[in-house]
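Chemist: can't give you the sequence, but here's the structure:
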């Protein structure tokens, strides 16, 4: 080997000129952004919750092309404040009561920092053993907290995996059972497979069914009714299955929901699983929003019957102090997933995989690449502990009860559906709305008026033809005073609308 | 409304007891983790690159259940150091030459912090206008940097979106064209659709085809040869298409690769698009690894012909100073995506969407939820500028050339395939390996010996039956001295193996 000093390219040393991971510069700029975000949280209430910008606002402010030369972080942060923050709908605001929350926390933030800092790509065990093993462990921890049957734990022959979204959990479990079924009945029967759910099921299921190549005609959202509290009725399910069988179709998959998006309805898992079992249908339980609440003994009954399901998922990135993305999926039979999703290219061959002693998570999910998301879950579980996580959830539920109590004090309002968790569905009662006005339209105008004020953000749902305003308590920073203010806002805007008549 | 002070629940105030987003505590703990990570980068070279733990190491160290009570961050960080870091394969190490890198940077890290800090869920425009609009803008910026035809830009009727992975980009474009085609020929013909690629195409395509419900029998990886530099040959493609048409099948989708995983081969885009166009096939160009390099004028020719493609993707989370996950996908016809992936549930109805003036990215991707990933790309582009990003890529390419030069100085080694970018495929030459030993086996042993040392991490590929060691230069911290050390390590381990004979 020649003298390295003689090599012409060494002198250029272009890479070291840039050094975009210089540790002292990392420290300096990192501290700056920590302070920026701490200030943001401190001042978050000054911003309108729902952004008030008009479509196209940002293109009018930013240049048409990327800069040729570097710009300092100080300038960029000023632009974040000036150009980005006005266009943000503030999901971390204590006055955010819309959709379902994605509530952050310090522990989660630190976990994300470590995840990004290490930036391991843990597609298989050897690519970063800690990433895989910590995920195995925290998924078992969480399963125990939820009192899932041991058959969902690694220690019981099942196992858990962190997906990016419920949609990915749907798609992967659908693919698993689709492939298993087609291997028996023949691929030419793909267009006979049927997927069941209720008309309250999250629309991600429909999308997943579409992506999985299952015929849209065989997607069966079964009608629910107010008298059944919008729960999927086991006898309606059975009827639908029997009709499909008579038509020569093949029942494949049932999705039950614990906490629907529109009204937090809970399907009766036990009876539904019993029906599904008779017909050999895979049951997935989607507890995206409400799953986390079931770590509290008083809410655990909502999961009764989950032992009959094949898979279960909940989004820690909703109501569990963890930011996007962190959908926790458990399956009883991991081989169903891995048979359908495994790929074993030469470049990933390694001794650990060949030993069959390890989990290679690439075969449990859609993509090859994956972030070390278990870190943030681990930090959340350790930093708060089971006890405070329960308190946190209970605090939100109590605040939702408090909002109900406030509504009850003003007879112009009504709670439309029974509350199961921390979301209240309410509206201005038809009895006080002038005769010439449509009740739904009145409430729609009320909500738009509230949201346009910037003081709080809520969204609506239409369930059984009734337009309701949903107030979901779940932001980390929300306190009683914010719930009180939200109620005052609702009253004020209702007053204004009622006075104009 | 009653006096709020009278309400029993107010006194409990459980939520505020916890306050997991207290801004002063956020500041304190955030600074702590910044310092932790800065120290990690400073000391990263002391760790073995490929983790040396044994399967199951972590379960033996951690408790069986989550803690009941909170633990302080100081304790947790000590455990990260003690229990997690030994199980990490250090992707950010300057001695990481394996797979393709996912190279982080300060700017990217700050962008991730802001993304996590704001934690907006930008499924549609109104859910956080800045998240959507900044993504529109940076995707146009990047497209201009790559000199993609204007038809891929929003300003030209196309548009870009950030996906989590190439697999998602494959799956969404496959679903788009699958649905379009089936609407013409009828859904019952799903099992006639054919997907083409080369035998060098990333295995994610096969997996995506499987998930999309396309028959595995209709997945056509076309054989490439060394004499063609493992490029997909347009005439072989045409032959395959003709045979399929004669068999009554329906050609659907072609994936071309710019920079294959095994040997960084580049398919001839122009001629392949010409063939595909004749048969109405959707062409996707997968430039996951090498796409970013094409911002340098001297590498742009590898994209010649991309104007004939329907979609193009590259992973900023590989060789573009951006961490997972950040796969940039452009399409010429967004309506093909949105027709196949749109969902319009009542709960997401809003005026902005109805105005049709905005992009709702949920209809461009698999999931509903999405992070504000454009922030990190924006910070990378602004913090480094086009000029330094080019220098950065050129620096790695020069270091790869330097490694080739080192190999050339030791006649026992040979470079097996021509180098296109910053990856060198080499092996110990058959001429120096003792007669009784298999050449591939010898090189396999050499690689395992290098990796077990912890001094560097490389992986292998088998192309055309030849086992090669891949040295991919691409970690942010890599300098010439690391390349020199890697070469010394290769020599030392080769010496040891050759001496034992």
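Modeler: Happy to help now that I have it. All values derive from a computational prediction rather than experimental measurement. Numbering: from 1, shown residues only, chains lettered A, B, ... in the order given.

Chemist: So what's the residue count around residue A:481?
Modeler: Residues lying near residue A:481 (other Cβ atoms under 10 Å in any protein chain shown) number 13. (Each C-beta comes from the backbone N, C-alpha and C, glycine too.)

Chemist: What about it? Give its phi and psi, please.
Modeler: Main-chain dihedrals, residue A:481, degrees, to the nearest 10: phi -60, psi -30.

Chemist: measure it to residue A:402 for me?
Modeler: For residue A:481, the distance to residue A:402 (Cβ to Cβ, to the nearest Å) stands at 11 Å.

Chemist: Kindly report the same for residue A:65.
Modeler: Taking Cβ to Cβ, one finds residue A:65 at 52 Å from residue A:402.

Chemist: ok, the two, which is more surrounded?
Modeler: Neighbour count, other Cβ under 10 Å: between residue A:65 and residue A:402, residue A:402 has more, with 22 against 13.

Chemist: That one and residue A:480 touch, don't they?
Modeler: Yes: Residue A:402 is within contact range of residue A:480, at 6.4 Å (criterion: Cβ atoms under 8 Å).

Chemist: In the stretch 301-450 of chain A, where is pLDDT below threshold?
Modeler: Judged by pLDDT under 70, the stretch 301-450 of chain A has no weakly predicted residues.

Chemist: Which residue ranges of it form helices?
Modeler: For the stretch 301-450 of chain A, the helices defined by DSSP state H, counting those that start in this stretch cover A:316-319, A:334-341, A:351-355, A:374-408, A:439-453.

Chemist: Against which helices or strands is the second one packed?
Modeler: Judged by 3 or more Cβ pairs under 8 Å, 6 or more residues apart in numbering or on different chains; DSSP states H and E, the packing partners of helix A:334-341 are helix A:166-185, helix B:204-211.

Chemist: So which elements touch the longest one?
Modeler: In this structure, helix A:166-185 makes packing contacts with strand A:193-198, helix A:204-211, strand A:250-257, strand A:282-286, strand A:311-315, strand A:327-331, helix A:334-341, helix B:204-211, judged by 3+ Cβ pairs under 8 Å, 6+ apart.

Chemist: try 7 Å
Modeler: Secondary-structure packing of helix A:166-185 (3 or more Cβ pairs under 7 Å, 6 or more residues apart in numbering or on different chains; DSSP states H and E): helix A:204-211, strand A:250-257, strand A:282-286, strand A:311-315, strand A:327-331, helix A:334-341.

Chemist: for the ones you listed, which one sits closest to residue A:39?
Modeler: strand A:311-315 (28.8 Å; Cβ to Cβ).

Chemist: Put together a markdown table for the helices and strands packed on helix A:166-185, with mean neighbour count on each row.
Modeler: A markdown table is the format used below for those (neighbours: other Cβ atoms under 10 Å in any protein chain shown):
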| stretch | mean neighbour count |
| --- | --- |
| helix A:204-211 | 24 |
| strand A:250-257 | 26 |
| strand A:282-286 | 26 |
| strand A:311-315 | 28 |
| strand A:327-331 | 28 |
| helix A:334-341 | 19 |
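
Chemist: could you dump the ones you listed to a markdown table with distance to residue B:272?
Modeler: Formatted as a markdown table, these follow (distance: least, Cβ to Cβ, whole Å):
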| stretch | distance to residue B:272 |
| --- | --- |
| helix A:204-211 | 26 |
| strand A:250-257 | 37 |
| strand A:282-286 | 40 |
| strand A:311-315 | 40 |
| strand A:327-331 | 37 |
| helix A:334-341 | 29 |
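
Chemist: For the residue in chain A that chain B sits nearest to, give me its contacts.
Modeler: Per Cβ to the nearest Cβ, the residue of chain A with the smallest distance to chain B is residue A:213, at 2.2 Å. Residues near residue A:213 by Cβ atoms under 7 Å, 6 or more residues apart in numbering or on different chains: A:190, B:190, B:212-213.

Chemist: Now list the buried members of those residues.
Modeler: For the contacts of residue A:213, a burial check counting by 16 or more other Cβ atoms under 10 Å in any protein chain shown picks out A:190, B:190, B:212-213.

Chemist: out of the residues you listed, which one sits closest to residue B:126?
Modeler: Distances from residue B:126 to the buried ones among the contacts of residue A:213, taken by Cβ to Cβ, are shortest for residue B:212, at 30.3 Å.

Chemist: The closest one contacts residue B:176, correct?
Modeler: No: using Cβ atoms under 7 Å, residue B:212 is not in contact with residue B:176; the gap is 10.3 Å.

Chemist: Dig out what the most centrally placed residue in chain A forms beta bridges with.
Modeler: By Cα atoms, centre = their mean, chain A has its centre lying nearest to residue A:315, at 4.2 Å. Residues in a beta bridge with residue A:315, per DSSP bridges, are residue A:327.

Chemist: Going by residue numbers, what spans are strands in chain A?
Modeler: For chain A, the strands defined by DSSP state E cover A:159-163, A:193-198, A:219-222, A:250-257, A:282-286, A:311-315, A:327-331, A:413-415, A:423-428, A:459-463, A:466-472.

Chemist: how close does the closest residue to residue A:245 other than its chain neighbours sit to residue B:435?
Modeler: With sequence-adjacent residues excluded and distances taken as Cβ to Cβ, 6 or more residues apart in numbering or on different chains, residue A:245 is closest to residue A:251, at 7.0 Å. Between residue A:251 and residue B:435 the computed distance is 63 Å (Cβ to Cβ).

Chemist: likewise residue A:420?
Modeler: For residue A:420, the distance to residue B:435 - Cβ to Cβ - is 75 Å.

Chemist: One more: residue A:221?
Modeler: Counting by Cβ to Cβ, the separation of residue A:221 from residue B:435 is 69 Å.

Chemist: Who has more neighbours out of these two?
Modeler: More crowded of residue A:221 and residue B:435, by other Cβ under 10 Å: residue A:221, with 18 against 6.

Chemist: quick one: pLDDT of the more buried one?
Modeler: Residue A:221 is assigned 98 on the pLDDT scale.

Chemist: State the number of residues packed around residue A:500.
Modeler: 8.

Chemist: who's in contact with it?
Modeler: Contacts of residue A:500 by Cβ under 7 Å, 6+ apart: none found.

Chemist: Now do it against residue A:446, distance only.
Modeler: As judged by Cβ to Cβ, residue A:500 and residue A:446 stand 12 Å apart.

Chemist: cool, and residue A:472?
Modeler: Distance from residue A:472 to residue A:446, by Cβ to Cβ: 17 Å.

Chemist: Settle it for me: which of the two has more neighbours?
Modeler: With neighbours defined as other Cβ under 10 Å, residue A:472 and residue A:446 compare such that residue A:472 has more, 26 against 22.

Chemist: OK, contacts around the residue lying closest to that one once chain neighbours are set aside?
Modeler: Distances taken as Cβ to Cβ, 6+ apart put residue A:423 closest to residue A:472, at 4.3 Å, once the chain neighbours are dropped. Taking Cβ under 7 Å, 6+ apart, we find residue A:423 in contact with A:264, A:400, A:470-472.
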